[in-house]
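S.K.: I'll drop the sequence and a predicted model, then ask my questions.
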Amino acid sequence: MENHELSRIRYIRVPQNLKVTEGSFKIDPEIRLPIQLKEGKKNLDEEDLTIEAIVAGMLTLIAYDELNKDIDYYKAFVKAVEPEIAQNLNTAAIAKQEAKDFDFAEELFLAVYHLEPQSASCINLATLYSYMSVNADEKGEDDKADEYLAKAKATLLDGLRRFGENEWILAELASFEGFLGNLEEAKDYAERYLKVASEGKRKEEIKSFLKEVNAHIESDTAFKEAYDYVMLDMPEKAISSIDRFIENNQKIWNGYFIKAWALRKAQRYEEAKECLLKCIALGESNTDIYNELSICELEGGNRELAKNYLNTAADLDETNLTALSNLAYLHLEDKEFDDARYYLEKARNIANDDEIIKNLIATYEKATGEKIGDKITEEVIDSKEDEEMEEIMEELEKGNTEEKHCNHGHDEGHCCHHHDGNEEHGHCHHHSEEGNDHCCHGEHEGDEGKHCCHHHDGEEEGHCCHHHDGNEEHGHCHHHHGEEGKGHCCHHHEEN
């Protein structure tokens, strides 16, 4: 798709009175000159044919059409007209960026980078794309935010191709990859930077950054090792690995959870409880934590506290089979059948074919002699229809109490109907000539349930099993620069 700015370019023959005298530059009458139309115009007017319009057209081509066959001529032309043009454009581009006129800033930075390719102009362009990504992210435009991040990285990589192992570009790439969480890539660029970097503040910053990256990589490795050891039922090795992680990540709850899980498997329940409570103290609250707490309390003989923790787990996630089936199991063991049934019904509605749920239902039915029927569905009743029905019933009752007697004139030989005005709603007494015949209305009562259940693995003998997902969301080092980064890596602008 053609760039919008390029679509506004028109070409003219060289005017006879056009003169440019700067060094050895000479006008080539065979090369047509580009002029950029003003926004909204379709044709050139005579007043548009100025040297400024010609330079503007050339700068647009330099920015967006580097493969143009006459691009070198246009570069030489604008430098002949304005020798300090690159520096002036760079200053203007920074001003436009600060004013958040990003599209115009992009054109100016591109023109500078292509006019006089330098590491500074490369970094300035990449910085602009970082700011544009932040701006798109704040607007909720995720695709655009990702697109601008990709442009920032592509610009820096282009700089490496142009300038080789340039220390400034390597430093920016290290920071950029660190922000993205690509720690191995960040480490690689930081190490390459240190090989070519001159002494100074920037070098000390990257040394510190590399140390942080290495610590996180080591922590990541330790975390993954610990998780694998827990899954392999090797809790002591898991504890040793996760301690290395916690040493460098004392405020990350995931490490304490993995350690608690390993401690519980090692039957060190009190220590496991301490780690789980530490997770909560750090601000995390999820069903897995409360399931683990319930196991620890159960092993300590605190059944009611174990149920309370499971209730909290179920409140946090009403669809969590672990919490629901575990609660059903404990209530069944304690012969609290109403509560057990409540949680079994909830669990069955979520996963009717789950083998653990089916086994618990079979246990319930055997213990109580009651059958848990087909899957229950709830019917939502319109509240407005409810109100209208109540009004109709009130009118009917009002009519029954007002009309206590109906006296009709009848011929002899006909039966007389008498309605009692008593409060026994639901019965009508009908008298005939032969005797007392009554019509009976049956009354039905509805059952109401009020129960509440937790899912366990088959690992703990004599207890229901708890299932966890291994969460590996722990922190990465993010390297930030500048005042407006807002979570993104910001690059320092360089003056050409």
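M.R.: Arrived safely. Numbering: from 1, shown residues only.

S.K.: which residue is nearest the centroid of the chain?
M.R.: Nearest to the mean C-alpha position of the chain, by CA atoms, centre = their mean, lies Asp142 at 11.1 Å.

S.K.: And the closest residue to that residue other than its chain neighbours, which helix or strand is it part of?
M.R.: Counting by CB to CB, 6 or more residues apart in numbering, the nearest residue to Asp142 once its immediate chain neighbours are dropped is Ala136, at 7.7 Å. Every residue, glycine included, has its C-beta placed from N, CA and C. Secondary structure assigned from DSSP states H and E places Ala136 in helix 119-138.

S.K.: buried stuff in that helix?
M.R.: Buried positions in helix 119-138, judged by neighbour count with 16 or more other CB atoms under 10 Å: 119-137.

S.K.: before we move on, the earlier item: how close does the residue nearest to the centre of the chain sit to Ala186?
M.R.: 23 Å (CB to CB, to the nearest Å).

S.K.: cool, Asn286 as well?
M.R.: Counting by CB to CB, the gap between Asn286 and Ala186 amounts to 30 Å.

S.K.: now the stretch 151-300 of the chain, which segments are flagged as low pLDDT?
M.R.: Scanning the stretch 151-300 of the chain for pLDDT under 70 picks out nothing.

S.K.: Let me know how buried Asn352 is, in neighbour terms.
M.R.: Asn352 has 12 neighbouring residues, counting by other CB atoms under 10 Å.

S.K.: pretty sure it is in a helix, no?
M.R.: No. Using DSSP: H, G, I helix; E, B strand; the rest coil, the secondary structure at Asn352 is coil, not a helix.

S.K.: Next up, phi/psi of it, please.
M.R.: phi -60, psi -30 (degrees, to the nearest 10).

S.K.: now swap in Asp70 and tell me
M.R.: phi -110, psi 20.

S.K.: same question, Glu82
M.R.: Per degrees, to the nearest 10, the backbone of Glu82 is at phi -140, psi 90.

S.K.: That one contacts Ala56, doesn't it?
M.R.: No. With the criterion set as CB atoms under 8 Å, Glu82 and Ala56 do not qualify as a contacting pair; they are 11.6 Å apart.

S.K.: okay, those two: which has more neighbours?
M.R.: Counted by other CB under 10 Å, Glu82 and Ala56 do not tie: Ala56 has more neighbours, with 18 against 14.

S.K.: Show the pLDDT at the residue nearest to the more buried one when sequence neighbours are not counted.
M.R.: Nearest residue to Ala56 in three dimensions, chain neighbours excluded: Gln36, at 4.8 Å (CB to CB, 6+ apart). What the model reports as pLDDT for Gln36 is 80.

S.K.: What number of residues are in the vicinity of Gln36?
M.R.: Counted with other CB under 10 Å, Gln36 comes out at 20.

S.K.: For Glu116, see how far away it is.
M.R.: Distance, Gln36 to Glu116, by CB to CB: 21 Å.

S.K.: Pull the distance from the helix holding Ala136 to the chain's centre.
M.R.: On the basis of CA atoms, centre = their mean, to the nearest Å, helix 119-138 sits 23 Å off its chain's mean C-alpha point.

S.K.: How about stretch 231-249?
M.R.: Using CA atoms, centre = their mean, the mean C-alpha position of stretch 231-249 is found 28 Å from that of the whole chain.

S.K.: CA-only coordinates of that stretch, as PDB, when you get a sec.
M.R.: Coordinates of the C-alpha atoms in stretch 231-249 are reproduced here as PDB (Å, rounded to 0.1, in the frame of the first residue of the first chain):
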ATOM      1  CA  MET A 231       6.300 -33.000  39.800                       C
ATOM      2  CA  LEU A 232       8.800 -35.800  40.100                       C
ATOM      3  CA  ASP A 233       7.900 -36.200  43.800                       C
ATOM      4  CA  MET A 234      11.400 -35.100  44.900                       C
ATOM      5  CA  PRO A 235      10.400 -32.500  47.400                       C
ATOM      6  CA  GLU A 236      13.800 -32.000  49.200                       C
ATOM      7  CA  LYS A 237      15.600 -31.200  45.900                       C
ATOM      8  CA  ALA A 238      12.700 -28.900  45.000                       C
ATOM      9  CA  ILE A 239      13.200 -27.000  48.300                       C
ATOM     10  CA  SER A 240      16.900 -26.600  47.700                       C
ATOM     11  CA  SER A 241      16.200 -25.200  44.200                       C
ATOM     12  CA  ILE A 242      13.400 -22.800  45.200                       C
ATOM     13  CA  ASP A 243      15.500 -21.400  48.000                       C
ATOM     14  CA  ARG A 244      17.900 -20.100  45.400                       C
ATOM     15  CA  PHE A 245      15.000 -18.400  43.600                       C
ATOM     16  CA  ILE A 246      13.600 -16.900  46.800                       C
ATOM     17  CA  GLU A 247      17.000 -15.500  47.700                       C
ATOM     18  CA  ASN A 248      16.800 -13.100  44.700                       C
ATOM     19  CA  ASN A 249      13.000 -12.700  44.600                       C
END
